[in-house]
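1. next comes the sequence, and after it the predicted model I'd like to discuss.
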Amino acid sequence: MSATATAPIAPLIDPDAPAVRVRFAPSPTGSLHVGGGRTVLFNWLFAHGQAKREGKQGAFILRIEDTDQKRFVPASVQGIFDILTWFGVTWDEGPDKGGPYGPYTQSERTERYRAHAEQLVASGHAYRCFCSPERLQQVREAQQARGQAPGYDRHCRTLKPEEVAAKLAAGESHVIRFAIPLDGETRVFDLIRGEIVYQNANLEDLVLLKSDGYPTYHLANVVDDHQMQITHIMRGDEWIPTAPLHVQLYGAFGWEVPILAHMPLILAPGGGKLSKRHGSTAMEEFRAQGYLPEALMNYLALLGWSYDATTEIFSKEDLLEKFTLERVSPSPATFDYKKLLWFNQQYINHILTLDDLTARVVPFLIAAGLVDPAAADPAHPDYARIRAATALLKDRLETLAQASDLMGYFLRDELDPYDPALLVPKKTEPAQVLNALVAVQQTLNGVDVADEAEVETRLRALADERGLKTGQLFMPIRVAVTGRDKSPGLFETLRVIGNERVRARIAAAIELLREQVGAAVAGD
Ligand code: GLU
């Protein structure tokens, strides 16, 4: 294989064609990899952004490629619809939407693939192969022993018609294989990679139709892309090795090859393929961890595409306005978890409105059991408290899921047990803190904690009176009401926790300290 970067073979968008039609064609075998998320995004942006900007109808088609029955995970079809909807892309035609070229699920189109495989047998471009799995295994082992690359040895390609007829009459199980030309070369024109030339002698006679009558990916994919009038095939780089066979198939059918554009690889931090070993890889995992679809979209858009050397934040609308396939680079992109987290933080801290952020935090709190499912209703009494807590904590949130850890003390009646030693700051003694908290209790008596200014004035005066640094007084209060030594500003924290819980928690801390001081006295 050799690659040469050449100018695009045709205008990127045919000026005479009324429509640009692209597709995302996932195999429902589990969750959607972020690489797939990036592929969907670029297809969608090309159809709904670039093509429409150029005055074309831009159609984005979702097709389910479920012909590999061994790897099929039925629930993942719905999973794909759900995660794409969450991600924020919309398809114009698809299994759930219908459209003029349906059905859009390959298992419902098997008759077409069978007919097309037979057509290629009839035209001499394909042949029936009766080789048993055992024979194929022997061939592979012999090739390995000779140090050759494994591949089908074309045993059945030269069967005589009467031999084929006899095997068929005897009901022998068989597959249909494509007959790759034995010499010459196959040229693949890729919009991003340039021209790639393959020597046919190095290509294999791959299976098109399996013995169970199901097509392989190659046959189904090519037939569908043609029948669905796909103009541009944009997919992951890992599909490049299949492109020469596909180009051959288009030729054998007498069809025009759509424009091919293989997206750059996504590498793991430090190189290599991005896999579970490096961290989350599925879109569903990022959703569950509280990444925002906007942040993930923004980040994935920049894996292989850039607008200029500096702009990083792109809303969905910005991307629709600015994305061009011409600016997708052939160089691999590295998946940087920290950078993704940074984008998420930007959206949480600066970009979403407080109401929007609150609405997205609530499901995580419900899932963690911190609030009742009814709290999702803005009219629910807990909602206002969640909103207030979100306002205080949003600058500390990197993901929505962190909210359940950070917001417990705002939302639960009882605090999680905490270490009483936290109540006693450096250079103070438990007895001293105990006295101070009793004084705090008295100072706050009758004061509404919603009146932050009044609470602050009183507590500062108390610290003065006791000869304590403010930190020495405020830290025990903070720990008493939150169970932690870190929280947002003390007075706003008290306000959101509310009168009743503040008082109960200070009383509980006093009890804890009494036990401690009592134990110390008893131990003297
Ligand atoms: N079904 C293939 C996949 O799962 C589609 C590849 C292509 O876009 O041609 O990725």
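-> Happy to help now that I have it.

2. which elements pack onto the top helix by length along the chain?
-> Longest helix in the chain by number of residues, with DSSP state H as the criterion: helix 499-523. The contact analysis (3 or more C-beta pairs under 8 Å, 6 or more residues apart in numbering; DSSP states H and E) places helix 499-523 against helix 430-444, helix 470-482. Where C-beta positions appear, they are placed from N, C-alpha and C, glycine not excepted.

3. and the angle for it with helix 470-482?
-> Calculated by axes from the mean of the first three to the mean of the last three C-alpha atoms, to 10 degrees, helix 499-523 forms an angle of 110 degrees with helix 470-482.

4. tell me the buried residues in helix 499-523?
-> Within helix 499-523, the residues scored as buried using 16 or more other C-beta atoms under 10 Å are 501-503, 505-506, 509-510, 512-513, 516-517.

5. that helix: how far from the chain's middle?
-> Averaging C-alpha positions (C-alpha atoms, centre = their mean, to the nearest Å) puts helix 499-523 48 Å from its chain's average.

6. just the angle between it and helix 430-444, please?
-> Regarding helix 499-523 and helix 430-444, their directions subtend 150 degrees when assessed with the same axes, to 10 degrees.

7. average pLDDT across helix 499-523?
-> This predicted structure assigns helix 499-523 an average pLDDT of 89.

8. so how far is the ligand from the closest residue to His33 other than its chain neighbours?
-> The shortest distance from His33 to any residue other than its chain neighbours is 5.5 Å, reached at Thr281 (C-beta to C-beta, 6 or more residues apart in numbering). Spatial separation of Thr281 from the ligand under the definition C-beta to the nearest ligand atom, to the nearest Å is 14 Å.

9. before we move on, what about Ile80?
-> In this view, Ile80 and the ligand are 10 Å apart by C-beta to the nearest ligand atom.

10. in the chain, where is pLDDT below threshold?
-> Screening the chain residue by residue with the criterion pLDDT under 70, one finds the ranges 1-10, 521-524.

11. hmm, try it at 90
-> Residues of the chain meeting the criterion pLDDT under 90: 1-18, 69-70, 149-150, 270-277, 381, 426-428, 516-524.

12. ok so, going back, hmm, who's touching the longest helix of the chain?
-> Applying C-beta atoms under 8 Å, 6 or more residues apart in numbering, the external contacts of helix 499-523 come out as 413, 415, 420, 423-424, 430-431, 433-434, 437-438, 440-441, 444, 448-450, 476-477, 479-481, 494, 497.

13. out of the helices and strands packed on helix 499-523, nearest to the ligand?
-> helix 470-482 (48.0 Å; C-beta to the nearest ligand atom).

14. contacts for the helix or strand that comes right after the closest one next, please.
-> Per DSSP states H and E, the first helix or strand lying C-terminal to helix 470-482 is helix 490-497. Taking C-beta under 8 Å, 6+ apart as the criterion, the residues outside helix 490-497 that touch it are 385, 388-389, 392, 409-410, 449-450, 452, 455-456, 474, 477-478, 481-482, 487, 502, 505.

15. and stretch 158-165, how far out from the chain middle?
-> Distance of stretch 158-165 from the chain centroid (C-alpha atoms, centre = their mean) equals 50 Å.

16. mind saving the C-alpha coords of that stretch as PDB?
-> Listed in PDB are the C-alpha atoms of stretch 158-165, where the atom choice follows Å, rounded to 0.1, in the frame of the first residue of the first chain:
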ATOM      1  CA  THR A 158     -11.500 -22.700  -9.900                       C
ATOM      2  CA  LEU A 159     -14.200 -25.200  -9.300                       C
ATOM      3  CA  LYS A 160     -15.900 -26.200 -12.600                       C
ATOM      4  CA  PRO A 161     -19.600 -25.300 -13.000                       C
ATOM      5  CA  GLU A 162     -20.600 -29.000 -12.800                       C
ATOM      6  CA  GLU A 163     -18.600 -29.500  -9.600                       C
ATOM      7  CA  VAL A 164     -20.400 -26.500  -8.100                       C
ATOM      8  CA  ALA A 165     -23.800 -27.900  -9.300                       C
END
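
17. and that stretch, which residues are buried?
-> Residues of stretch 158-165 classed as buried under the neighbour-count rule (16+ other C-beta under 10 Å) are 159, 164.

18. hmm, which of the contacts of helix 490-497 are the buried ones?
-> Among these, those classed as buried by neighbour count (16+ other C-beta under 10 Å) are 385, 388-389, 392, 409-410, 449, 452, 455-456, 474, 477-478, 481-482, 487, 502, 505.

19. now the residue of the stretch 151-300 of the chain found nearest the ligand. Nearest residue, chain neighbours left out?
-> Ranking the residues of the stretch 151-300 of the chain by distance to the ligand (C-beta to the nearest ligand atom) places Arg235 first, at 3.5 Å. Leaving out its chain neighbours, the residue that sits closest to Arg235 by C-beta to C-beta, 6+ apart is Thr39, at 5.8 Å.

20. any idea which element the one you found lies in?
-> Using DSSP H and E, Thr39 falls within helix 34-45.

21. tell me what that helix is packed against?
-> Where contact means 3+ C-beta pairs under 8 Å, 6+ apart, helix 34-45 is packed against strand 19-24, helix 75-87, strand 232-236, strand 259-263, strand 266-267, helix 283-288, helix 293-301, helix 316-322.

22. next, format the ones you listed as a markdown table and append mean neighbour count and distance to Val328.
-> What follows is these, written out as a markdown table (neighbours: other C-beta atoms under 10 Å; distance: least, C-beta to C-beta, whole Å):
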| stretch | mean neighbour count | distance to Val328 |
| --- | --- | --- |
| strand 19-24 | 24 | 13 |
| helix 75-87 | 17 | 19 |
| strand 232-236 | 22 | 9 |
| strand 259-263 | 23 | 7 |
| strand 266-267 | 20 | 13 |
| helix 283-288 | 20 | 20 |
| helix 293-301 | 23 | 10 |
| helix 316-322 | 16 | 13 |
